[in-house]
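Visitor: Provided below are the primary sequence and the corresponding predicted coordinates.
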Amino acid sequence: MMIRGVGASAGIGIGRAVCVRPQALAFSQVPAGTPRQEKDRLAAAAVRFAADTSAMAAGLRTRLGNQEAEILEGQAAMIEDPVLRRQIDDAIDGGSSAEGALDAVCGQYAALFDAMDDAMMRQRAADVRDLRARMLALLLGLPRQDLSALPPGTVLVAYDLTPSMTVDLRADCVAAIVTEAGGFTSHGAILARALGLPAVLGAAGALEQLADGQTVIVDGSRGQVICAPTPAQLARYQGLQAQFLRGRQALKAYRRGPTRTADGTAVQLLANIASPGEAAAALDCGAEGIGLFRTEFLFMGRQTPPTEEEQYRAYAQAAEAMAARPVIIRTLDAGGDKTVPCLAMPAEENPFLGCRAIRYCLAHPALFKTQLRAILRAGALHGNIRLMLPLVTGPAQVRRTRALLAECRAELAAAGLPFDPDMTVGVMIETPAAAMDADLLAREADFFSIGTNDLTQYILAVDRGNAAVAELYNPFHPAVLRAIRRTARSAREAGIPVGMCGEAAADPRMLPLLLAFGLDELSVSAPSVPAVRAAAAHWHVADARALADRVMEADTADAVQGLLDDVLARKGAGGEQAAPV
Ligand code: PEP
Ligand code: MG
């Protein structure tokens with residue numbers, strides 16, 4: 001029998017199932033005391049929750065890193081949120097017990113987050129549910145579920161992998177993780193990848209279909225869980241597991257730069273981050289700098305936009321972590337698929353084509369200038385920050401931004417605050433207009449970075465988040481490849497560097513084309529860095545150019561991918577070796 005889910009952390013785990021079912025948290029029989037008594041009980045539990053959670057975060061920071069610890073810190077902050085607490089107190093005043101009030105208010109928040117389009121915001125629903133369950137357990141005096149003594153070779157089967165579960169987990173005893181909830185970007189997935197454990201998430205019905213002690217194969221690369229496998233299946237997966245582990249071992253040698261092709265051509269290999277805390281993990285994976293800092297995440301999960309000072313601290317932290325290495329900070333890319341509730345952007349008929357990203361910033365100069373001043377100030381620390389503008393469609397937007405930058409510099413000088421006087425300004429090429437007019441934009445921009453995630457959606461007119469048209473979304477479509485080639489040519493002719501920071505930059509099949517087109521820099525998710533460096537070392541630029549000449553004659557995405565797959569299979573420059581570590 002096979003259960004399918006999302007392959008959220010690569011690798012193959014074989015072991016025996018241990019099913020961890022959610023604790024029964026029945027509280028309807030708990031009588032409500034006076035409102036004062038109930039509020040005191042809640043406050044005492046909240047103090048304990050915050051203290052326990054902060055201690056867990058500290059433990060997780062040492063074991064796994066900042067990003068994982070921040071998830072727990074977010075929960076500790078959530079229980080102290082005055083708005084949430086007032087709502088719970090109000091429910092208690094209405095006659096509820098502490099448990100009932102907490103359950104009702106958390107339930108409302110979870111439903112609110114569940115209904116949001118943005119995957120990051122939906123993830124907060126899982127955080128609220130975890131908080132609710134742990135607070136209820138504290139109020140009811142139940143022990144915390146203990147996962148510290150799992151037998152070696154355990155396949156952990158749970159409803160969700162929460163950060164608090166991870167604290168106890170001994171990675172050496174766990175062969176793999178299967179959860180019913182979650183997806184590729186959920187916190188459970190982030191934690192599983194940080195632990196280096198194969199994981200299949202979103203495997204609906206797993207807790208019902210799997211029994212404790214049953215042998216299970218978990219294929220975290222393909223999102224498959226095989227229950228009670230046959231001897232032939234076991235032998236096949238043991239072989240695949242050994243192959244995967246050899247590939248992962250080989251990649252360790254590529255955790256350090258520089259990045260060079262087989263003939264010695266240098267490519268700069270940078271990482272994409274969404275918070276300054278991720279910079280350290282990027283360095284650890286061997287990134288040579290930050291190629292895309294998605295600053296909109298600083299604006300999410302809060303009621304007001306971050307102040308200049310708050311933003312300055314975030315950008316300064318990334319600049320400090322990278323020291324002399326480059327840090328490309330992208331200005332606020334709000335709208336479209338990136339919901340930023342604190343901006344209260346008006347609903348639009350076609351948000352992907354609406355007032356978003358650079359358009360929104362230019363329409364709200366006070367908000368934009370706050371960010372620009374913070375970036376200019378952080379640039380004074382090491383001179384390593386570069387500015388990048390999202391969703392540009394023409395040179396006027398760059399000129400307008402440069403004018404605002406000049407105003408910001410004058411304001412900072414008047415205030416006696418240090419700033420970078422000549423920060424470079426780059427443009428993301430992610431619209432058909434930008435690709436078509438790359439020669440014109442190259443006169444205004446100091447560098448280009450190709451955002452294939454959006455470029456693909458706009459060139460092919462396919463919503464990047466719509467599963468119904470997902471088959472049409474393909475960066476290997478000849479039209480997208482032509483846009484990339486044209487952009488690279490314009491950059492070369494103008495003598496400015498050109499990079500790529502969309503997901504396609506990490507695809508080993510795209511690499512020979514990017515080398516052939518002469519891209520100078522690639523920015524990928526941190527765990528993909530070693531694999532891309534390894535893949536680059538397989539290529540001579542002359543071979544990549546010969547292959548690109550053939551590929552650019554193909555007239556469908558399928559034909560392009562077929563050609564590239566064949567060549568990569570023969571060269572051994574993709575597949576397992578390119579799987580993220
Ligand atoms: C892109 O569009 O390729 C890109 C890197 O930006 P984002 O995914 O944040 O829109
Ligand atoms: Mg984009």
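Guide: Right, received. Where do you want to start? It should be emphasised that the depicted structure is a prediction, and the values quoted were computed from it without experimental measurement. Ligands and ions are numbered 1, 2, ... in the order given.

Visitor: residues in the stretch 201-350 of the chain within reach of ligand 1, list them.
Guide: Selection of the stretch 201-350 of the chain residues close to ligand 1 by C-beta under 6 Å from any ligand atom yields Leu292, Arg294, Asp333. Quick note: C-beta positions are derived from backbone N, CA and C, even for glycine.

Visitor: Tell me the spacing between the spatially closest residue to the last one that is not a sequence neighbour and ligand 2.
Guide: Distances taken as C-beta to C-beta, 6 or more residues apart in numbering place Pro390 nearest to Asp333, at 4.1 Å, with adjacent residues excluded. Taking C-beta to the ion, to the nearest Å as the measure, Pro390 and ligand 2 are separated by 6 Å.

Visitor: Which of the residues of the stretch 201-350 of the chain next to ligand 1 fall in strands?
Guide: Residues of those located in strands (DSSP state E): Leu292, Arg294.

Visitor: Format the residues of the stretch 201-350 of the chain next to ligand 1 as CSV; extra columns: distance to ligand 2, pLDDT and neighbour count.
Guide: Supplementary listing: those in CSV, determined by distance: C-beta to the ion, whole Å; pLDDT from 0 to 100; neighbours: other C-beta atoms under 10 Å:
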residue, distance to ligand 2, pLDDT, neighbour count
Leu292, 9, 96, 28
Arg294, 9, 92, 17
Asp333, 6, 96, 28
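
Visitor: Out of the residues of the stretch 201-350 of the chain next to ligand 1, which is nearest to Ala77?
Guide: Nearest to Ala77 out of these is Arg294 (C-beta to C-beta; 21.1 Å).

Visitor: From Arg246, how far out is that closest one?
Guide: 34 Å (C-beta to C-beta, to the nearest Å).

Visitor: Could you measure from Ala206 over to ligand 1?
Guide: Here the distance between Ala206 and ligand 1 works out to 31 Å (C-beta to the nearest ligand atom, to the nearest Å).

Visitor: Please determine how far that residue is located from Ala24.
Guide: 19 Å.

Visitor: neighbour-wise, which of these two wins?
Guide: For Ala206 versus Ala24, neighbours defined as other C-beta atoms under 10 Å are more numerous around Ala206 (23 against 7).

Visitor: After the strand or helix carrying Cys106, which helix or strand is next?
Guide: Counting by DSSP states H and E, the element that carries Cys106 is helix 98-114. Elements were assigned by DSSP H and E; along the chain past helix 98-114, the next helix or strand is helix 119-140.

Visitor: Pull the distance from that next one to the chain's centre.
Guide: 21 Å (C-alpha atoms, centre = their mean, to the nearest Å).

Visitor: ok, how many other residues are close to whatever residue of the stretch 401-550 of the chain ends up closest to ligand 2?
Guide: For the stretch 401-550 of the chain, the residue positioned closest to ligand 2 under C-beta to the ion is Asp454, at a distance of 3.6 Å. Under the neighbour criterion other C-beta under 10 Å, Asp454 is assigned a count of 23.

Visitor: For it, list the residues it contacts.
Guide: Shown in contact with Asp454 (C-beta atoms under 8 Å, 6 or more residues apart in numbering): Gly336, Leu391, Met428, Glu430, Thr431, Arg464, Gly502.

Visitor: Mind doing that once more with 7 Å?
Guide: Each residue near Asp454 by C-beta atoms under 7 Å, 6 or more residues apart in numbering is listed here: Leu391, Glu430.

Visitor: ok, so what distance separates it from Arg356?
Guide: Between Asp454 and Arg356 the computed distance is 10 Å (C-beta to C-beta).

Visitor: Please enumerate the shared neighbours of these two.
Guide: In terms of C-beta under 7 Å, 6+ apart, Asp454 and Arg356 are both contacted by the residues Leu391.

Visitor: Quick check: chain neighbours aside, which residue is closest to Glu310?
Guide: Taking C-beta to C-beta, 6+ apart, and ignoring the residues beside it in sequence, Glu310 has Leu298 as its nearest neighbour in space, at 7.5 Å.

Visitor: I'd guessed that neighbour sits against Tyr312; true?
Guide: No: under the criterion of C-beta atoms under 7 Å, Leu298 lies out of contact with Tyr312, with a separation of 11.1 Å.

Visitor: now stretch 510-522, how far from the centre of its chain.
Guide: In terms of C-alpha atoms, centre = their mean, the centre of stretch 510-522 is found 23 Å from the chain centre.

Visitor: and that stretch, how far apart are its ends?
Guide: 11 Å (C-alpha to C-alpha, to the nearest Å).

Visitor: so where is this protein shaky, pLDDT-wise?
Guide: 119, 185, 573-581 (pLDDT under 70).

Visitor: where does it come near ligand 2, residue by residue?
Guide: Near ligand 2, the residues belonging to the chain are Glu430, Gly451, Asp454 when assessed by C-beta under 5 Å from the ion.

Visitor: contacts with ligand 1 among these, please.
Guide: Those of the residues of the chain next to ligand 2 which are also neighbours of ligand 1 are Glu430, Gly451, Asp454, as judged by C-beta under 6 Å from any ligand atom.

Visitor: tell me which element the last one is part of?
Guide: Translated: Asp454. Under the criterion DSSP H and E, the helix or strand holding Asp454 is helix 452-460.

Visitor: after that helix comes which helix or strand?
Guide: For helix 452-460, the following helix or strand on the C-terminal side (DSSP H and E) is helix 478-494.

Visitor: What strands flank the following helix or strand past that following helix, and is each parallel or antiparallel?
Guide: Sequence-wise, the next helix or strand downstream of helix 478-494 (DSSP H and E) is strand 498-500. With DSSP bridges as the criterion, the sheet partners recorded for strand 498-500 are strand 447-450 (parallel), strand 521-525 (parallel).

Visitor: Would strand 498-500 count as contacting ligand 1?
Guide: No: contact check for strand 498-500 against ligand 1, using C-beta under 6 Å from any ligand atom: none in range, with a minimum separation of 8.1 Å.

Visitor: residues in contact with that strand?
Guide: Residues external to strand 498-500 that are found in contact with it (C-beta under 7 Å, 6+ apart): 291, 447-450, 452, 487-488, 491, 514, 519-523.

Visitor: which residues in the stretch 301-450 of the chain form strands?
Guide: Assignment of strands within the stretch 301-450 of the chain using DSSP state E, counting those that start in this stretch yields the ranges 327-330, 385-389, 425-429, 447-450.

Visitor: Quick check: which helices or strands does the first one pack against?
Guide: The reference is to strand 327-330. Applying 3 or more C-beta pairs under 7 Å, 6 or more residues apart in numbering; DSSP states H and E, one finds that strand 327-330 contacts strand 290-294, helix 308-322, strand 385-389.

Visitor: With that, I have no additional questions.
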